[in-house]
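Student: Okay, sequence plus prediction incoming.
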Amino acid sequence: MQGGSEVFGEHSASGGRGARGLCIAMAILVCSSIWAVNGTSDTSGSPIRFAAFNASLNRGEEGQLVADLRGNDAQARAIAEIIQRVRPDVLLINEFDYDSDGAAAELFQTRYLGVGQRGAEPIEYSYVFLGPSNTGVVTRFGQMIGYGAFEGQYGMLLLSTYPIDTAGVRTFRNFLWKDMPNALLPVDPASGAGWFSTRELSVMPLSSKSHWDIPILVGDGVIHVLASHPTPPVYDGPEDANGRRNHDEIRFWADYVSGSQYIYDDAGRTGGLELGSHFVIMGDQNADPFDGDATDNAILQLLESPRINTHVAPASDGAAEQAALQGGANASHRGDPQHDTADWNEASTGNLRADYVLPSVTLSIVHAEVFWPLSTDPLFRLVGTYPFPSSDHRLVWVDVEIPAAP
């Protein structure tokens, strides 16, 4: 989850789940960046580790992350050490501020991941994908389409030891919310009229950041990394604009992996993913299946999909320990606390499962964990308690294999 009020529309209201702001705008199409550095990781025949980490590497001002990474940033060192300890082959980082020349990504790789942190081995990612985010983008009407203090705040970064099929990359940053059939567009609770004007709907994308389909080349096969970071379902009013958007941002992937034909990408290509394709949906989805403020059924659209392998849910003993120690809303949660991935340090909210790595049913899950050590573990210093040394989210990882052909 990111801070601030991520709310949209020409109305103003209060109450419900937080103060409203004013956000809607035309998405600006900017070329994404894909590059490779020397070396690859040959892990053929071994399980492939996919990980998602909302690392909270966002800053309050444009350019501040680059400036911090040029120094000796303690938070970035802790984030890097967590990554070095887990050693994912493919890693999605949410809340990594976007800059068009990729300076932050390069600095993080060379000065932090590429340097052993407190006895951990350095790690190198040969392939990188990053692209612009709808956060902070303002239209000529003076409206934002995604909450952000500047364009690209709370962006995303994909790091891979496997080559990226650059020709096959698809992004969906400009897909309009109104173009989703039966979208949960909010209505004014008082009048029953649509919450957004026709003008707003003509420029409002579904994605609060972006949705990416990044094909990763694994041996002779391809695994599609489906990356996103839906808006938090809070900071709105009784119209539940953010909760509904969160629901539909999650629904997008459920429809995409089912091959839905209504979908179009930023290059104008239409249709969803070819049925039978290998994929892994990754990211901070800001939705727990049992607790919290997400709209009913939001994440269940993925967890109950017949196309997604949910036989093993990432877990940790540390999450269960912290839920018990913190009490508050945790005591009344219906979900198993060992699956929590976010420590929001709020008695009224409690800790939740917000971050996911969800493979397709065409992939076998070998193992899965949440990096949340017990307080007695020497590595607990990397997650800690509020104020956190790294992030309020925990890295989630899943090891998968491509089953051998019969």
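Tutor: Ah, there it is.
Student: give me the beta-bridge partners of L157?
Tutor: I93, L130 (DSSP bridges).
Student: okay, now it: neighbour count?
Tutor: Neighbour count of L157, defined by other Cβ atoms under 10 Å: 27. Any C-beta I mention is one placed from the backbone N, CA and C, and that applies to glycine too.
Student: wait, doesn't it sit right on L92?
Tutor: Yes - contact criterion Cβ atoms under 8 Å: L157 and L92 qualify, at 7.5 Å.
Student: that's a helix at D291, yeah?
Tutor: No - counting by DSSP: H, G, I helix; E, B strand; the rest coil, D291 falls outside a helix, being coil.
Student: And for it, nearest residue in space, chain neighbours not counted?
Tutor: H333 (4.5 Å; Cβ to Cβ, 6 or more residues apart in numbering).
Student: can you tell me how far that neighbour sits from D343?
Tutor: Look at H333 and D343: by Cβ to Cβ, to the nearest Å, they are 13 Å apart.
Student: Mind giving me the packing neighbours of the longest helix seen in the chain?
Tutor: If you go by DSSP state H, the chain has its longest helix at helix 241-256. Secondary-structure packing of helix 241-256 (3 or more Cβ pairs under 8 Å, 6 or more residues apart in numbering; DSSP states H and E): helix 300-303.
Student: Tell me the buried residues in the helix it packs on?
Tutor: 301-303 (16 or more other Cβ atoms under 10 Å).
Student: Over to stretch 184-194?
Tutor: Neighbour-count burial for stretch 184-194 [16+ other Cβ under 10 Å]: 184-188, 194.
Student: How about stretch 319-329?
Tutor: 319-323, 326, 329.
Student: where along this structure do the strands fall?
Tutor: Applying DSSP state E to the chain gives strands spanning 33-36, 48-57, 90-96, 127-130, 156-160, 170-171, 212-218, 221-227, 278-284, 355-359, 364-370, 396-401.
Student: any idea which of those strands scores lowest on pLDDT?
Tutor: Ranked by mean pLDDT, the strands of the chain bottom out at strand 33-36, with a mean of 64.
Student: quick revisit: and the furthest pair within the buried residues of stretch 184-194?
Tutor: L184 and D188 (14.4 Å; Cβ to Cβ).
Student: residues near the nearest residue to F380 once chain neighbours are set aside, how many?
Tutor: Nearest residue to F380 in three dimensions, chain neighbours excluded: P373, at 4.6 Å (Cβ to Cβ, 6+ apart). Per other Cβ under 10 Å, the neighbour tally for P373 reads 20.
Student: From G194, how far off is N58?
Tutor: 32 Å.
Student: residue contacts, the closest residue in space to S277 that isn't next to it in sequence?
Tutor: Nearest non-adjacent residue to S277, counting by Cβ to Cβ, 6+ apart: H224, 5.9 Å away. Listed by Cβ atoms under 8 Å, 6 or more residues apart in numbering, the contact partners of H224 are 213-216, 273, 277-280.
Student: and with 6 Å instead?
Tutor: Taking Cβ atoms under 6 Å, 6 or more residues apart in numbering as the criterion, H224 is in contact with 213, 215, 277, 279.
Student: if I look at it, how far off is T362?
Tutor: Going from H224 to T362 by Cβ to Cβ gives 11 Å.
Student: Likewise for P233?
Tutor: Taken as Cβ to Cβ, the span from P233 to T362 is 30 Å.
Student: ok, those two, which is more surrounded?
Tutor: Using other Cβ under 10 Å, the more surrounded residue of P233 and T362 is P233, with 27 against 16.
Student: Can you tell me the closest non-neighbouring residue to that one?
Tutor: P233 sits nearest to G243 (Cβ to Cβ, 6+ apart), 3.8 Å away.
Student: Near that neighbour, how many other residues are there?
Tutor: 26.
Student: just checking, it touches A298?
Tutor: No - using Cβ atoms under 6 Å, G243 is not in contact with A298; the gap is 7.8 Å.
Student: Run through the helices of this structure in chain order.
Tutor: Secondary structure of the chain (DSSP H): helices located at 64-70, 74-86, 103-107, 198-201, 241-256, 300-303, 317-326.
Student: ranking those helices by burial, who's on top?
Tutor: helix 241-256 (a mean of 24; mean count of other Cβ atoms under 10 Å).
Student: Let me see the residues that make contact with that helix.
Tutor: Helix 241-256 is contacted by residues 6-8, 180, 183-184, 186, 211, 226, 230-231, 233, 236, 263, 272-273, 281, 285-286, 295, 298, 301-302, 305 when judged by Cβ under 6 Å, 6+ apart.
Student: From the chain's centroid, how far away is it?
Tutor: Counting by Cα atoms, centre = their mean, to the nearest Å, helix 241-256 is centred 13 Å from the centre of its parent chain.
Student: Over to stretch 77-92?
Tutor: Centroid separation between stretch 77-92 and its chain, computed with Cα atoms, centre = their mean, is 16 Å.
Student: And for stretch 100-108?
Tutor: On the basis of Cα atoms, centre = their mean, stretch 100-108 sits 19 Å off its chain's mean C-alpha point.
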